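S.K.: Okay, predicted coordinates and the sequence, questions at the end:
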Amino acid sequence: MSESYSASEMMIAVAARMLKGARTVFVGVGLPNIACNLARVTVAPDMEMIYESGVYGARPERLPLSIGDPTLVSGAVSVVSMADLFGLYLQRGLVEIALLGGAQIDKHGNLNSSVIGDYAKPKTRLPGSGGACEIATNAQRTFMIMRLKRRAFVDKLDFVTSPGHLSGGESRSRLGLPGKGPEVVITDRAILNFENAEREMQLSALYPSVSEKDVRAEIGWELQCAPKIEEVSPPSLEELRLIREELDRSGMYR
Amino acid sequence: MNNNRVDKLLSMRDAVAQYVSDGNSVAIEGFTGFICFAAGHEIIRQRRRDLTLIRMTPDLIYDQMIAAGTARKLIFSYMGNPGVGSLYCIRRAVEKNIPLPLELEEYSHYGLVGRYAAGAARMPFFALRSYVGSDMLTANPHIKLIDDPYGTGKIAVVPPLNPDVAILHAQRADRRGNTQIWGLIGMQKEVAFAAKHVIVVVEEIVDESIIRADPNRTLIPGLIVDAVVHEPYGAHPSYVQGYYDRDNDSYLAWDKLSQDTAAVNAWIDEWVYGLENFAAYVRKIGQARFDQLKPESYPALSVDYGRYR
């Protein structure tokens, strides 16, 4: 038997499954936050969530509306200054997995969240880095969460805000960046990974009723495929129940 | 310049008149919460000009101040309406020079925190593991890569930042300016020690004995504070932990309103120029709204420091 579900619910369920066993996750608001909370009650019971606002081990009693929401403070393990959060938690290497997104991503997982167009005379001024640049640099592993759209998956970024695998291959480790860099891109239609020598994004799994052609249509370069393309199972009834009845009761992110 | 005067209590009008001048660099800080809108509005009301505004997350407060023409430059690390969307007034200034051109100087969060930390300790730079491989290095010449003198390779550095004035909102302070904050302590300590002048704005003025009974909670000592302003609800529509929640409807309303220049100007006329002070703003919002924003009580156990004599 199957229950209908939205693309966002599928993304949340997939991201949560990929956080299996994680201990520390650096998280933003919106979908990643719901995914972390879902993971914590399903596959990652020991997970503690870390927010750049200075919170370690948040236990939000409502859906946080921003990363500085006061619900993240009440009931947390520790609240520290941002200097300590970035220095002692992130740079110290205590963040296992960071969830990141951006307006644009390229084939090596570099992210742009700064400008569309020329930096000095932008067509659109985006928010900028926030903590993304240092998170992408220092987190042990990075998972990207982004909707698959041609204007987001581009051959060349207008601006590199946060480093991924840079120009590919060993270029990231050659420059001495501590974290291993992007591992997967979780989208609303498919999962992509970087498991090849070039560290180039490749299709690794498709969601139900999505074809390889559908995915290619949304990507601005000649997409490579993994040797074997898996099929991802839809959200379970239990995952849907948790998302709808406990984690996002108002339906804001569905 | 600062001292340990016993009573530094001033009205917001006097504090801004004395410590914020045209052309100054001003940091009204606090991450998502503790954002002193009362000070921002007073700076608009006193028609300050050519300010360099500094905030990690410019938020609605700088969107309003930039729309009102107070600033010529913005130093920041994340320019969004938190959890909502864009800051349209700042974007209009950057993209279309409305009402005035705005120069931007951009960092990542850790970079700007590092600038405050270096400024606070009066050090020549702060080193951090970031920016390698990012175009932020070329976009902002103040961020540099240097060789680690101990041989581990390249490391990014940022210079100190010492604002002319820092304005920080908190739960409570005594009349000397000894200030206690709980909740997101973000960068308030660093920016306070970095600044040349400090104005603290609080929900409650308390006796010095209350401060001394819980010294671990004192983030900012009166030693570096010039003025103390008592301004209940002065961080609205942002929040103060344990006192009032963020008025998210206001953030959503601003998202709509701020897309239209005329609507923004009308809003500033009505809610800033049209009011004598922030107390009038609070009355205009109405106590009923603040009652809705009051969180349920969730007190910590008090701790026992012991008495040693």
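M.R.: Thanks, I have the structure now.
S.K.: So, low pLDDT: which residues of the stretch 101-250 of chain A?
M.R.: For the stretch 101-250 of chain A, no stretch has pLDDT under 70.
S.K.: at 90 what do you get?
M.R.: Residues of the stretch 101-250 of chain A that meet the criterion pLDDT under 90 lie in A:121-125, A:247-250.
S.K.: Would you mind listing what in it touches chain B?
M.R.: Residues of the stretch 101-250 of chain A found near chain B (CB under 8 Å from any CB of the partner chain) are A:110, A:114, A:119, A:122-125, A:127-134, A:137-138, A:159-163, A:166, A:172, A:175-178. In this view, the C-beta of every residue, glycine as well, is placed from N, C-alpha and C.
S.K.: Quick one: buried ones out of these?
M.R.: A:110, A:114, A:119, A:122, A:125, A:127-134, A:137-138, A:159-163, A:166, A:172, A:177 (16 or more other CB atoms under 10 Å in any protein chain shown).
S.K.: Can you give me the neighbour number for B:Ser250?
M.R.: 17 (other CB atoms under 10 Å in any protein chain shown).
S.K.: go on, the one 4 residues further on?
M.R.: Taking other CB under 10 Å as the neighbour definition, B:Trp254 ends up with a count of 23.
S.K.: ok, it - contacts?
M.R.: Neighbour list for B:Trp254: B:60, B:63, B:81, B:84 [criterion: CB atoms under 8 Å, 6 or more residues apart in numbering or on different chains].
S.K.: What are the boundaries of the helices in the stretch 101-250 of chain A?
M.R.: Counting by DSSP state H, counting those that start in this stretch, the stretch 101-250 of chain A has helices at residues A:132-138, A:171-174, A:212-216, A:237-241.
S.K.: show me the contacts for the closest residue to A:Ala132 other than its chain neighbours.
M.R.: Distance criterion CB to CB, 6 or more residues apart in numbering or on different chains; nearest residue to A:Ala132, sequence neighbours excluded, is A:Ser162 at 4.5 Å. For A:Ser162, the contacting residues are A:100, A:102, A:110-111, A:113, A:129, A:132-133, A:135-137, B:134, by CB under 8 Å, 6+ apart.
S.K.: moving C-terminal of the lowest-mean-pLDDT helix or strand in chain B, what's the next helix or strand?
M.R.: Ranked by mean pLDDT, DSSP states H and E, the weakest helix or strand in chain B is helix B:88-96, scoring a mean of 93. Of the helices and strands lying after helix B:88-96 in sequence (DSSP states H and E), the nearest is strand B:103-106.
S.K.: could you check whether that following strand is close to chain A?
M.R.: Yes. Using CB under 8 Å from any CB, strand B:103-106 comes into contact with chain A via B:Glu106.
S.K.: cool, stretch B:88-95 as well?
M.R.: Yes. For stretch B:88-95 and chain A, the contact criterion (CB under 8 Å from any CB) is met by B:90-91, B:94-95.
S.K.: Most neighbours of all these, which one?
M.R.: Going by other CB under 10 Å, B:Ile90 tops the residues of stretch B:88-95 next to chain A with 27 neighbours.
S.K.: That residue and B:Ile66 touch, don't they?
M.R.: Yes. With contact defined as CB atoms under 8 Å, B:Ile90 counts as touching B:Ile66 (5.4 Å).
S.K.: overlap in contacts of the two?
M.R.: The contact lists of B:Ile90 and B:Ile66 share B:58, B:74, B:102, where a contact means CB under 8 Å, 6+ apart.
S.K.: What is the burial count for the residue lying closest to the last one once chain neighbours are set aside?
M.R.: Take B:Leu102 and drop its neighbours on the chain: the residue closest to it by CB to CB, 6+ apart is B:Ala93, 3.8 Å away. Here the neighbour count serves as a burial measure; for B:Ala93 (other CB under 10 Å) it reads 25.
S.K.: give me the low-pLDDT residue ranges for the stretch 101-250 of chain B?
M.R.: Looking at the stretch 101-250 of chain B by pLDDT under 90, you get B:152.
S.K.: residue in chain A nearest to chain B?
M.R.: A:Gly68 (2.3 Å; CB to the nearest CB).
S.K.: contacting residues around that residue?
M.R.: Contacts of A:Gly68 (CB under 8 Å, 6+ apart): A:53, B:31-33, B:82, B:184.
S.K.: Farthest-apart pair in the residues you listed, please.
M.R.: Farthest apart among the contacts of A:Gly68 by CB to CB are B:Pro82 and B:Leu184. That separation is 11.8 Å.
S.K.: what residues do those two have in common as contacts?
M.R.: A:68, B:32.
S.K.: Looking at those two, which is more packed in?
M.R.: Comparing B:Pro82 with B:Leu184 by other CB under 10 Å, the one with more neighbours is B:Leu184, at 28 against 25.
S.K.: can I assume that one is in contact with B:Phe31?
M.R.: Yes. Between B:Leu184 and B:Phe31 there is a contact under CB under 8 Å: 5.1 Å.
S.K.: quick revisit: which of the shared contacts of B:Ile90 and B:Ile66 has the largest number of neighbours?
M.R.: Counting neighbours by other CB under 10 Å, the top entry in the shared contacts of B:Ile90 and B:Ile66 is B:Pro58, with 27 neighbours.
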